[in-house]
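Enquirer: Got a predicted model here, sequence first, then my questions.
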Amino acid sequence: MSTFHVSASVDQVLTELADFIVITAKNAIAQNGRFSFVLSGGSSPKRLHELLASDLYKNKIEWSKVFFFFGDERNVPADHKDSNYLMAKKTLFEPLNIPAAQVFRMNTDLAPETAAQAYQNEVLTYFAGQPTSFDLILLGLGDNSHTASLFPRTSVLHEKEALVKGLYIEEVKMFRITLTAPLINQAKEIAYLVFGEGKALAVRHIIEDERNIEEYPAQLITAEKGALHWFMDTAAASALTKKH
């Protein structure tokens, strides 16, 4: 079941999502003493990070009990301008003084497949025999209907066993490391952050079109164990034909 949060402006979308993160973090910490938060790559989350690190939000979450993971990573050094880790470091970890021990980055110093296996091991160690169910996974949506690094017509779309995979993606001519759909779908909460008219068609494909994971990989995300939320502006939701 999906819940839709559609706001008139991007600022309103970000505020609503930030409020949702605060509530989700407080609930997780109250129940389990910690909050596992999987960050999204790309450019869209940058403004969200800056909002969470601002005076308005930085004291609303017990950051000492938050553990950060990544949904995917480009196979570039950690200090490369295209690194998802570097973006999060600059916009979130450094402003909030998050200790390195609370940040699980994908180790791109390793070969992609080795890095994926190492990250899977870290995830399993974090959950220590408990179900691999993150408290919150934040996702973006590409205009080609990809999410994380689950790209159209790639082998990872059919992965059933591995939690993390490294693969070469021809469309972007790059190796990527990504959480797989089976792992993402175990999360307690999954939240898409999508804004802009350029994403409207992809949103419609995922939400309303016939299932076709080869063309629309984000259809794989079904939140089998928890809830799926869409945080969008009216522009991103503008191609939807039904009331949701």
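Expert: That came through fine.
Enquirer: Identify each of the helices in this protein and give its residue range.
Expert: In the chain, the helices defined using DSSP state H lie at 10-32, 45-52, 84-88, 94-96, 112-127, 181-184, 200-208.
Enquirer: Nearest to Tyr168 among these would be which one?
Expert: Relative to Tyr168, the nearest member of the helices of the chain by CB to CB is helix 112-127, separated by 7.7 Å. C-beta here means a position set from N, CA and C on the backbone, and glycine is covered the same way.
Enquirer: hmm, who's touching the closest one?
Expert: 36, 67, 69, 75, 104, 106-110, 132-133, 162-168, 175-178, 183 (CB atoms under 8 Å, 6 or more residues apart in numbering).
Enquirer: how about a cut-off of 6 Å?
Expert: Helix 112-127 is contacted by residues Asn75, Phe104, Met106, Asn107, Leu163, Val164, Lys165, Gly166, Phe175, Ile177 when judged by CB atoms under 6 Å, 6 or more residues apart in numbering.
Enquirer: what about the fourth one, how many neighbours?
Expert: The reference is to Asn107. 16 (other CB atoms under 10 Å).
Enquirer: quick one: which of the helices of the chain is nearest Gly140?
Expert: Nearest to Gly140, of the helices of the chain and by CB to CB, is helix 45-52 at 6.9 Å.
Enquirer: can you pull the buried residues of that closest one?
Expert: Within helix 45-52, the residues that count as buried by 16 or more other CB atoms under 10 Å are Pro45, Arg47, Leu48, His49, Leu51, Leu52.
Enquirer: coming back round to it: any chance of the contacts of helix 112-127 in TSV, with pLDDT and distance to Ala116 too?
Expert: TSV is the format used below for these (pLDDT from 0 to 100; distance: CB to CB, whole Å):
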residue	pLDDT	distance to Ala116
Asn75	95	10
Phe104	98	13
Met106	98	8
Asn107	97	10
Leu163	98	9
Val164	98	4
Lys165	98	5
Gly166	97	4
Phe175	97	10
Ile177	98	5
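Enquirer: Derive a PyMOL selection command for the buried subset of those residues.
Expert: Per 16+ other CB under 10 Å, the buried members of these correspond to this PyMOL selection:
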select buried, resi 75+104+106+107+163+164+165+166+175+177
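Enquirer: Going along the chain, name the strands of the chain.
Expert: 2-7, 35-39, 66-70, 72-74, 136-139, 164-169, 174-179, 189-194, 227-233 (DSSP state E).
Enquirer: Let's have those strands in JSON lines, adding distance to Phe127.
Expert: JSON lines is the format used below for the strands of the chain (distance: least, CB to CB, whole Å):
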{"stretch": "strand 2-7", "distance to Phe127": "26"}
{"stretch": "strand 35-39", "distance to Phe127": "8"}
{"stretch": "strand 66-70", "distance to Phe127": "11"}
{"stretch": "strand 72-74", "distance to Phe127": "19"}
{"stretch": "strand 136-139", "distance to Phe127": "14"}
{"stretch": "strand 164-169", "distance to Phe127": "13"}
{"stretch": "strand 174-179", "distance to Phe127": "13"}
{"stretch": "strand 189-194", "distance to Phe127": "16"}
{"stretch": "strand 227-233", "distance to Phe127": "20"}
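Enquirer: Please identify which of those strands is closest to Leu17.
Expert: strand 227-233 (4.4 Å).
Enquirer: how long is stretch 212-222 end to end?
Expert: By CA to CA, to the nearest Å, the extent of stretch 212-222 from end to end equals 14 Å.
Enquirer: Stretch 164-174 now?
Expert: 17 Å.
Enquirer: what do you get for stretch 35-48?
Expert: End to end - CA to CA - stretch 35-48 spans 18 Å.
Enquirer: oh, and call the first residue 860 from now on, that's how I've got it
Expert: OK, 860 is where the count begins now, so the last one is stretch 894-907.
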